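Colleague: Turn this into a model:
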Amino acid sequence: MRINEYNNLQEFIEEYDEIDRKNIRGFMGIEFTYHGTYYRMCREPLPEDQLPTLANGHKGHYRIVIVHWKDGEWFSDFDYELIGWYETLDSLLYDCYLDNKAFAEIIMADETEIIGKD
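Modeller: Numbers count the residues shown, from 1 in each chain. Below is the predicted model:
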């Protein structure tokens, strides 16, 4: 049974692409579960000088973590495992692997459940 709310990858891209940072309709973060693991991806709204510098010298704009706070709790409990920082949405989608699958495949999987967006 499909529980994922996205019908295609373009829907996700339109919500999280940072090309137009002035797009107030876009979301900054998403929480989801996949095979029993609770993840959070965030397009960090930090100034350039506060973003981490990646190995290639560019800034990381997207962060993905495994979170350990309980369902329904807010971010006061920052118990998480950093998976990585990514420069662009494309690098997140195709260079980030969760459970041996590219993020693009995970975010579109039938069994991925979107818990929340902000």
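Colleague: in which helix or strand would I find the residue most central in space within the chain?
Modeller: The chain has Met41 as the residue nearest its centroid, 2.2 Å off, counting by CA atoms, centre = their mean. Using DSSP states H and E, Met41 sits in strand 37-43.
Colleague: ok, and for that strand, which residues are buried?
Modeller: For strand 37-43, the neighbour count (16 or more other CB atoms under 10 Å) marks 38-43 as buried. C-betas here are computed from N, CA, C, even on glycine.
Colleague: what residues are up against Asp95?
Modeller: Residues in contact with Asp95 (CB atoms under 8 Å, 6 or more residues apart in numbering) are 86, 102.
Colleague: Tell me the first helix or strand C-terminal of the strand holding Met41.
Modeller: Next helix or strand after strand 37-43 toward the C-terminus (DSSP H and E): strand 62-67.
Colleague: Pull out the buried residues from that following strand.
Modeller: Of the residues in strand 62-67, 62-65, 67 count as buried by neighbour count, 16+ other CB under 10 Å.
Colleague: Perfect, I'm done here.
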